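> Quick check, what structure comes out for this input:
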Amino acid sequence: MRRRLVIVVLLLLIIFSVGILFGILLPRWLGFGASPKVYTSTALVQQVKTLSQLITVQYVIEKVVVLEDVKWVAHLGESRVLMVAHGIVKAGMDFSQLESGDIQISGKKLTMKLPPARVTDVYLDEKETRVVERSTGLLRAFDKDLEQTARQNAVSDIGRAARNGGILKDAEQRARAQLTNLFLQLGFETVEFRH
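Numbering: from 1, shown residues only. Just a heads-up that it's a prediction; the model follows:
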């Protein structure tokens, strides 16, 4: 008799626990009782602004740089640096200046004004950049600034090559794709961009 009572009490506890579990979880699984999230333009702008600078693309460019410093008087000779520059160029968008009017919401449709894509960083990878040849004319003193000038020229040339190669277009396309994915996950069905 006592064993039956214990079994009945255990069964009742199990049934009660399962009932509570399904009573709490089943409505959530079916979407009942969950209030739909409502986003305002201001709230979304604040969220996107936290991205600040969204770097969406990186180019790696190698360039051979030759810098010669020839003096007029032939007997002084020339100083020359031959460098293989390994440059990195990053591009993306700066969302820190977004305003609430830059995002419009109409039901499940979101329209966003994108800032222009821009190059955010250009630098040389010092581990990969190397001076292949350095020469100084016989009657010339070593020019310590020649290599630094070659590096500065390399950074300028690599940045220009990335712009000409379409880094800004790639940065904008990737930003659009990443933002579209974000907004679709937030429940919007249509995402459009304008400039």
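> and the spatially most central residue of the chain, what does it touch?
Residue closest to the average C-alpha location in the chain (CA atoms, centre = their mean): residue 55, at 2.4 Å. Contacts for residue 55 were tallied using CB atoms under 8 Å, 6 or more residues apart in numbering; they are 90, 91, 92, 120, 121. Yep, even glycine has a C-beta here, placed from its N, CA and C like the rest.
> shouldn't the second one be in contact with residue 119?
The reference is to residue 91. Yes: with contact defined as CB atoms under 8 Å, residue 91 reaches residue 119; the gap is 5.0 Å.
> which residues do those two both contact?
Residues touching both residue 91 and residue 119 by CB under 8 Å, 6+ apart: 162, 167, 168.
> thinking again about what came up before, once you drop chain neighbours, what's closest to the residue nearest to the centre of the chain?
Computed as CB to CB, 6 or more residues apart in numbering, the closest residue to residue 55 that is not its neighbour in sequence is residue 92, at 4.0 Å.
> Just to be sure, the one you found is in a strand?
Yes: with DSSP: H, G, I helix; E, B strand; the rest coil as the criterion, residue 92 is part of a strand.
> Return the distance of residue 81 relative to residue 150.
As judged by CB to CB, to the nearest Å, residue 81 and residue 150 stand 5 Å apart.
> what is in contact with those two at once?
Common neighbours of residue 81 and residue 150 (CB under 8 Å, 6+ apart) are 65, 67.
> tally of neighbours for residue 56?
Neighbours of residue 56 under the rule other CB atoms under 10 Å: 22.
> Just want to know which of residue 91 and residue 119 has more residues nearby.
More crowded of residue 91 and residue 119, by other CB under 10 Å: residue 91, with 26 against 18.
> For the more buried one, give me its contacts.
55-59, 117-120, 162, 167-168, 170-171.
> try it again with 6 Å
Each residue near residue 91 by CB atoms under 6 Å, 6 or more residues apart in numbering is listed here: 57, 117, 119, 167, 168, 171.
> so for the helix or strand encompassing the fifth one, what's the average pLDDT?
The reference is to residue 168. Assigned by DSSP states H and E, residue 168 belongs to helix 167-185. Across helix 167-185, the average pLDDT comes to 91.
> and that helix, what does it pack onto?
Contact partners of helix 167-185 among helices and strands, from 3 or more CB pairs under 6 Å, 6 or more residues apart in numbering; DSSP states H and E: strand 53-70, strand 78-94, strand 190-194.
> let's go with 8 Å and repeat that
Where contact means 3 or more CB pairs under 8 Å, 6 or more residues apart in numbering; DSSP states H and E, helix 167-185 is packed against strand 53-70, strand 78-94, strand 109-113, strand 118-124, strand 190-194.
> In the sheet, which strands lie alongside the first one, parallel or antiparallel?
This means strand 53-70. When sheet partners are counted by DSSP bridges, strand 53-70 sits next to strand 78-94 (antiparallel).
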